[in-house]
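1. Provided below are the primary sequence and the corresponding predicted coordinates.
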Amino acid sequence: MKVVILRTDRIGDLVLAEPLIEALHSIYTNICVDVVASEYAAPVLYENPLVSKILALKERNIRCVMSMVEEVSKGGYDISITVDTSPISYLIPFLAGVRTRVGQGRRLWGLTLNKPVFFSRRCSDLHEVILNQLLLKPFGYSPSLVRPRLFLSPVEVENARRMIEDFGFEMSKKVIVMHPGSLGSSAEPPFNLYYRLCEMLGSRFQVMVCGQKGIDNLEIFTGIEGVRVIDDMNIREYMGLISQSDLFVGGDTGPMHIASAMNIPVVAIFSPMPDCGPQRWGPLSDRYAVYMPSLSECNGECSRCKLFNCMEKLKIDDIITGVVRLLDN
């Protein structure tokens, strides 16, 4: 049995689709599971012993899509499971001639499926992990809220420990990884909130502020006591660093979901937007704290909101309390 899973969007989305891989292995004893993912996100699944092959979609243009169609066609897959709602992820298995094509059937592109599953993700009160597993309904699988699993090699773990020490930090003391940026999937906390967090936490703990060079404006954090800035890691190096930290602080981003999957304590900062809340996207670590502005309602239209930026209503003292509580435990 050969199955290909398609999840071609962002890092966090791919992380939350990982339990599908384990579920398929529990359904079929003799199975080969491959994954089509964006080139950007694909590395999060490296070292996963349950993934036979990762097919990286370099770009979302006709040439790259047709190249992927050819590769999937050659793969001889019995089943495809389209997890995201991108038209590309529906078209690839359809054009490749995969015999059994599973995916969400509510959209127009569901016409490319012959085993559609009908449910709505929008404003759902189910976690994304559960929503993904609903796609296994044709195989008689019952969803469960399980934490995704990510894997690192011993060399990657050792390199992460060495990186922390090279920045002058001690592994015997508490290390916080803070990720202030995002790709704009929801309303973001103001950068000065993270700056104040660094000022207040840097005197007590070792804080590593991470992000992308030239995008996340991380230079403002340089010079704060107890804080180091890293903006030149690849995703595997970042995963290693997170795995060796004692706490992760950040918004609803790929790195937050990586920390959660590695069962690192998480302080997650969410917007009140209906489709971006913690009920659907929240951390799955054993220990975590979630903070979001207290609003009577939110329709998700930030440009028309009278508050302009509700994320400025976040109370930094509450977040500090959550950080200290998780680290003290």
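-> Looks like it came in fine. Residues are numbered from 1 along each chain as shown.

2. chain center to the host helix or strand of residue 12: distance?
-> In this assignment (DSSP states H and E), residue 12 forms part of helix 11-27. Here the centre of helix 11-27 is set off from its chain's centre by 12 Å, with Cα atoms, centre = their mean, to the nearest Å.

3. Kindly report the same for stretch 25-41.
-> Computed by Cα atoms, centre = their mean, the separation of stretch 25-41 from the middle of its chain amounts to 17 Å.

4. Next, the distance between the ends of it.
-> Distance between the boundary residues of stretch 25-41 (Cα to Cα, to the nearest Å) amounts to 22 Å.

5. Other residues contacting it?
-> Stretch 25-41 is contacted by residues 1-11, 13-14, 21, 24, 42, 45, 50-59, 68, 72, 75, 77, 89, 92, 136, 139-141, 235, 254 when judged by Cβ atoms under 8 Å, 6 or more residues apart in numbering. Just so you know, the C-beta spots here come from the backbone N, C-alpha and C atoms, and that holds for glycine as well.

6. cool, stretch 84-92 as well?
-> Contacts to stretch 84-92, defined as Cβ under 8 Å, 6+ apart, come from residues 6-9, 13, 36, 57, 60, 65, 68-69, 72, 80, 82-83, 103-104, 107, 109-110, 112-113, 121.

7. Got a PyMOL select line for the buried ones in these?
-> The PyMOL command for the buried members of those (criterion: 16 or more other Cβ atoms under 10 Å) is given here:
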select buried, resi 6+7+8+9+13+36+57+65+68+69+72+80+82+83+103+104+109+110+112+113
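
8. Mind checking which of the contacts of stretch 84-92 land in helices?
-> When DSSP state H defines the helices, the subset of the contacts of stretch 84-92 inside them is 13, 65, 68-69, 72.

9. Farthest pair within those residues?
-> Across the ones in helices among the contacts of stretch 84-92, the two members that end up farthest from each other (Cβ to Cβ) are 13 and 69, 21.4 Å apart.

10. Can you mark which positions in stretch 38-45 are buried?
-> Judged by neighbour count using 16+ other Cβ under 10 Å, the buried positions of stretch 38-45 are 38, 40-45.

11. could you give me the average pLDDT of it?
-> Averaged across stretch 38-45, pLDDT comes to 98.

12. Which one of the buried residues of stretch 38-45 is nearest to residue 201?
-> Proximity of the buried residues of stretch 38-45 to residue 201 (Cβ to Cβ) peaks at residue 44, which lies at 27.0 Å.

13. I figured that closest one was touching residue 238, is that so?
-> No. In this structure, residue 44 is not within contact of residue 238 by Cβ atoms under 8 Å, at 9.7 Å.

14. Quick check: neighbours shared by those two?
-> Taking Cβ under 8 Å, 6+ apart as the contact rule, residue 44 and residue 238 both touch residue 258.

15. which residues of the chain fall in strands?
-> With DSSP state E as the criterion, the chain has strands at 2-7, 32-38, 53-57, 79-82, 100-104, 115-117, 175-179, 206-210, 227-230, 247-251, 266-269, 288-291.

16. Got the domain ranges for this protein?
-> Following the assignment in automatic domain parsing, the chain carries domains at 2-139, 154-328.

17. Now the weakest link among these, please, by mean pLDDT.
-> Taking the mean pLDDT of each of those, the lowest value is held by domain 154-328, a mean of 88.

18. okay, how far is it across that one, tip to tip?
-> Rule used - Cα to Cα; the end-to-end distance of domain 154-328 is 28 Å.

19. Then stretch 168-181?
-> The first-to-last residue distance of stretch 168-181 comes to 24 Å (Cα to Cα).

20. Identify the residues contacting that stretch?
-> Outside of stretch 168-181, the residues that reach it under the criterion Cβ under 8 Å, 6+ apart are 161, 164-165, 188-189, 191, 194, 197-198, 201, 205-212, 215-218, 221, 228, 241-242, 244-251, 253, 255-256, 259, 323, 327.

21. for stretch 321-328, same thing?
-> Counting by Cβ under 8 Å, 6+ apart, residues outside stretch 321-328 touching it are 174, 176, 197, 201, 205, 246-247, 249, 265, 267, 287-289, 291.

22. how far does that stretch sit from the chain's center?
-> Its chain's C-alpha centre and that of stretch 321-328 lie 23 Å apart, by Cα atoms, centre = their mean.

23. Show me which positions of that stretch end up buried.
-> Of the residues in stretch 321-328, those with enough neighbours to count as buried (16+ other Cβ under 10 Å) are 322-323, 326-327.
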